[in-house]
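Novice: with the input below, show me the fold.
(one chain, ligands or ions: 1)
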Amino acid sequence: MNRHIAIYPGSFDPFTNGHMDIVKRGLEIFDTVVIAVARNSEKDSLFSVNERTEMITELVNNNPRVQVESFDGLLVDYVTAKEARVILRGLRAVTDFEFEFQLAQMNHTVCEQVETLFMMTSPACAYLSSSIVKEVGRLGGDISSFVPKLVAEKLLEKFNQAD
Ligand code: ADP
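Specialist: Down below sits the predicted model:
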């Protein structure tokens, strides 16, 4: 069991500065952070899992301490297969709490050695979510301060295609 790896799972549709903030801060504590894109989030997503995985891989820029993967099925099974025991999640507001609490309890019940650790959002990212970024982008708003440049470009491409 590797105590120095954190699995950071999510939809990341798309990856925002808020996600990057959690990854960077996670790396201050863990040797390796695995960004795990959930395959079951494919439905209703703007970017395919492959597009998301490729984008994030480019963004972490070959940092040997960050891995980017996608996973299918139960998160705890994936965590165990990676020989990890920590799930890293971010919390923005109380509204995140209920869902995250349930998820963490469920995962811990299904697999006792798996623990979920929460990192509070940085104030600058508190209001940031993938869905709000998509909404603002779709309506033609400036999203350059919410997402990495690459993501802003890809979003623009998507919305131009949709027109
Ligand atoms: P999910 O669909 O699993 O919630 P998301 O991609 O929306 O996936 O989020 C992945 C994780 O990142 C979640 O733990 C979420 O709370 C966290 N997160 C998202 N945005 C922020 C942010 N701005 N600040 C801190 N944590 C965030």
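Novice: ok, now how distant is Leu139 from the ligand?
Specialist: Look at Leu139 and the ligand: by CB to the nearest ligand atom, to the nearest Å, they are 20 Å apart. C-betas here are computed from N, CA, C, even on glycine.
Novice: can you count the residues close to that residue?
Specialist: Residues near Leu139, counting by other CB atoms under 10 Å, number 8.
Novice: sketch out the low-pLDDT regions of the chain for me.
Specialist: Within the chain, the stretches with pLDDT under 70 are 1, 162-163.
Novice: quick one, helices of it?
Specialist: With helices called from DSSP state H, the chain shows them at 17-27, 49-60, 75-81, 94-110, 130-138, 149-162.
Novice: redo these as CSV? Include distance to Ala6 and mean neighbour count.
Specialist: Compiled in CSV, the helices of the chain are given as follows (distance: least, CB to CB, whole Å; neighbours: other CB atoms under 10 Å):
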stretch, distance to Ala6, mean neighbour count
helix 17-27, 5, 19
helix 49-60, 14, 19
helix 75-81, 10, 18
helix 94-110, 14, 13
helix 130-138, 20, 17
helix 149-162, 22, 14
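Novice: closest one to Ile5 among these?
Specialist: Smallest distance to Ile5 across those (CB to CB): 9.1 Å, for helix 75-81.
Novice: and that closest one, how far out from the chain middle?
Specialist: Relative to its parent chain, helix 75-81 has a centroid offset of 16 Å by CA atoms, centre = their mean, to the nearest Å.
Novice: which residues touch it?
Specialist: Under the criterion CB atoms under 8 Å, 6 or more residues apart in numbering, residues Ile7, Pro9, Ala36, Ala38, Phe71, Asp72, Arg85, Ile87, Asn107, Val110, Cys111, Val114 lie in contact with helix 75-81.
Novice: enumerate every residue touching Leu88.
Specialist: For Leu88, the contacting residues are Ala6, Ile7, Tyr8, Ile22, Gly26, Phe30, Val33, Thr116, Leu117, Met119, by CB under 8 Å, 6+ apart.
Novice: apart from its chain neighbours, what residue comes closest to Glu100?
Specialist: Arg89 (5.8 Å; CB to CB, 6 or more residues apart in numbering).
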